[in-house]
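Enquirer: Mind folding the following:
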Amino acid sequence: MSHYFRQDYLTVPDGAALYYQVQGEGEPGMVLCDGLGCDGFVWKYLAPYLEQRYRVLRWHYRGHGRSGLPRDRERIGMLYTCDDLNRVMDAAGIDQAVLFAHSMGVQVALEFHRRYAYRMKGLVLICGSYGNPLDTFHNANWLKRLFPFIRLTVERFPQPVARLTRALLSTELAMQVALSVELNRSLLSKSDLVPYFTHLANMDPVVFVRTLESASTHSAWDHLPHVDVPTLIIAGEHDKFTPAWLSRRMAAHIPDAEFMMVPQGTHAAPLEHRDLVELRVERFLREHLPASPPAPYREDRLGVPDVVSPPTR
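Expert: The predicted structure follows:
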């Protein structure tokens, strides 16, 4: 049986062309939700692992990766993202799924459960917060105080900011600072980070700050007691973006949630400790959501191109 792979674009009613890809076979489906400014770098090892036994959906938020923007560029934010995911799951033929979420994706996954609980089979929440991330970044609120100035600057001078961001993030210094200050350089390969820096350097800064503003004012705290699906929460012991106490607090308020602390892990724990994360995920899925046999490979799935072009407008 050939290994199923499909990628495509879904244009939603407001004009945004959303990129998605589906790979692998087996139910339930697995959906991967990225962090802010990401197009999938953190799933480098976990996605292929899941694809061996499950159908895995990867997709890009508005203005991220290969996805485009709506006609009205103000239509960026958490609720649009949840509605987008609902439509993308339909397009991918996935009725119900386990949502894997990293960083800001944790907020997306929790809000998606609030709005579309009937589509959920489980949650795996990795290195993320239930909301208001600027309040706790590096265990302080200085970024929250600074953010209005950052957004004003980006909105007024988008092109100079884009050029400056691209220049700074393309330097070796930026990579070394990240490895030394934010991440565990003894456990992380530089090649694991290159896709993140490349994507962020080329991202529209206006899209970035508008997405961040939406995340910064969103919270699913009130919804945590209502999460009614098996939930695994994974935290990095030395995560500075979303400190581990947030994950512990989240686990304490989601009924029957399971929790794992990754020793010496940072915000990139799935890359730094791939074997540990894979083993814990495997146990979680085996105990709560046993995989069904792969579906028969249908004739109408053959000949799907590996490369597709975004729709033209």
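
Enquirer: how much distance is there from stretch 191-207 to the middle of the chain?
Expert: Chain-centre distance of stretch 191-207: 14 Å, with Cα atoms, centre = their mean, to the nearest Å.

Enquirer: change the start of the numbering to 11 and stick with it
Expert: Noted, 11 is the first residue going forward, which turns the last one into stretch 201-217.

Enquirer: Can you point out the buried residues in that stretch?
Expert: Buried residues in stretch 201-217, counted by 16 or more other Cβ atoms under 10 Å: 202, 203, 206, 207, 209, 210, 211, 213, 214, 215, 216, 217. Quick note: C-beta positions are derived from backbone N, CA and C, even for glycine.

Enquirer: One more: stretch 162-169?
Expert: Using 16+ other Cβ under 10 Å as the test for burial, stretch 162-169 gives residue 164.

Enquirer: re the thing from before, closest to residue 125 out of the buried residues of stretch 201-217?
Expert: Of all the buried residues of stretch 201-217, residue 125 sits closest to residue 217, with 22.4 Å by Cβ to Cβ.

Enquirer: hang on, the earlier thing: need the max-distance pair from the buried residues of stretch 201-217.
Expert: The span of the buried residues of stretch 201-217, defined through Cβ to Cβ, is set by 202 and 216 at 27.7 Å.

Enquirer: Helices along the stretch 11-160 of the chain, start to end?
Expert: Counting by DSSP state H, counting those that start in this stretch, the stretch 11-160 of the chain has helices at residues 56-61, 88-102, 114-126, 152-166.

Enquirer: other SSEs contacting the first one?
Expert: What it means is helix 56-61. strand 66-69, helix 284-298 (3 or more Cβ pairs under 8 Å, 6 or more residues apart in numbering; DSSP states H and E).

Enquirer: Could you dump the ones you listed into a markdown table with mean pLDDT, distance to residue 237 and mean neighbour count added?
Expert: What follows is the helices and strands packed on helix 56-61, written out as a markdown table (pLDDT from 0 to 100; distance: least, Cβ to Cβ, whole Å; neighbours: other Cβ atoms under 10 Å):
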| stretch | mean pLDDT | distance to residue 237 | mean neighbour count |
| --- | --- | --- | --- |
| strand 66-69 | 98 | 21 | 26 |
| helix 284-298 | 96 | 13 | 16 |
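
Enquirer: Throw those into TSV and include distance to residue 157, thanks.
Expert: Shown next, in TSV, are the helices and strands packed on helix 56-61 (distance: least, Cβ to Cβ, whole Å):
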stretch	distance to residue 157
strand 66-69	27
helix 284-298	31
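
Enquirer: of all the ones you listed, which lies closest to residue 89?
Expert: For those, the distance to residue 89 is smallest for strand 66-69, at 16.5 Å, taking Cβ to Cβ.

Enquirer: and residue 127, which of the helices and strands packed on helix 56-61 is closest to it?
Expert: Among the helices and strands packed on helix 56-61, if distance is taken as Cβ to Cβ, the winner is helix 284-298, at 16.2 Å.

Enquirer: packing partners for that closest one?
Expert: Judged by 3+ Cβ pairs under 8 Å, 6+ apart, the packing partners of helix 284-298 are helix 56-61, strand 130-136, strand 241-246, strand 268-272.

Enquirer: For the first one, list every residue counted as buried.
Expert: Spelled out, it's helix 56-61. Neighbour-count burial for helix 56-61, counted by 16+ other Cβ under 10 Å, picks out 56, 57, 59, 60, 61.

Enquirer: low-confidence ranges in this structure?
Expert: Applying pLDDT under 70 to the chain flags residues 11-12, 301-323.

Enquirer: and the residue nearest in space to the middle of it, how far is that from residue 96?
Expert: Geometric centre of the chain, nearest residue: residue 44, 1.3 Å, by Cα atoms, centre = their mean. Distance of residue 44 to residue 96, given as Cβ to Cβ, to the nearest Å: 17 Å.

Enquirer: before we move on, what about residue 40?
Expert: As judged by Cβ to Cβ, residue 40 and residue 96 stand 16 Å apart.

Enquirer: before we move on, what about residue 18?
Expert: On the measure of Cβ to Cβ, residue 18 and residue 96 end up 16 Å apart.

Enquirer: swap in residue 231?
Expert: According to Cβ to Cβ, residue 231 and residue 96 sit 22 Å apart.

Enquirer: Please apply the same query to residue 249.
Expert: In terms of Cβ to Cβ, residue 249 sits 29 Å off from residue 96.

Enquirer: ok, those two, which is more surrounded?
Expert: The residue with more neighbours, out of residue 249 and residue 96, is residue 249; 25 against 14, by other Cβ atoms under 10 Å.
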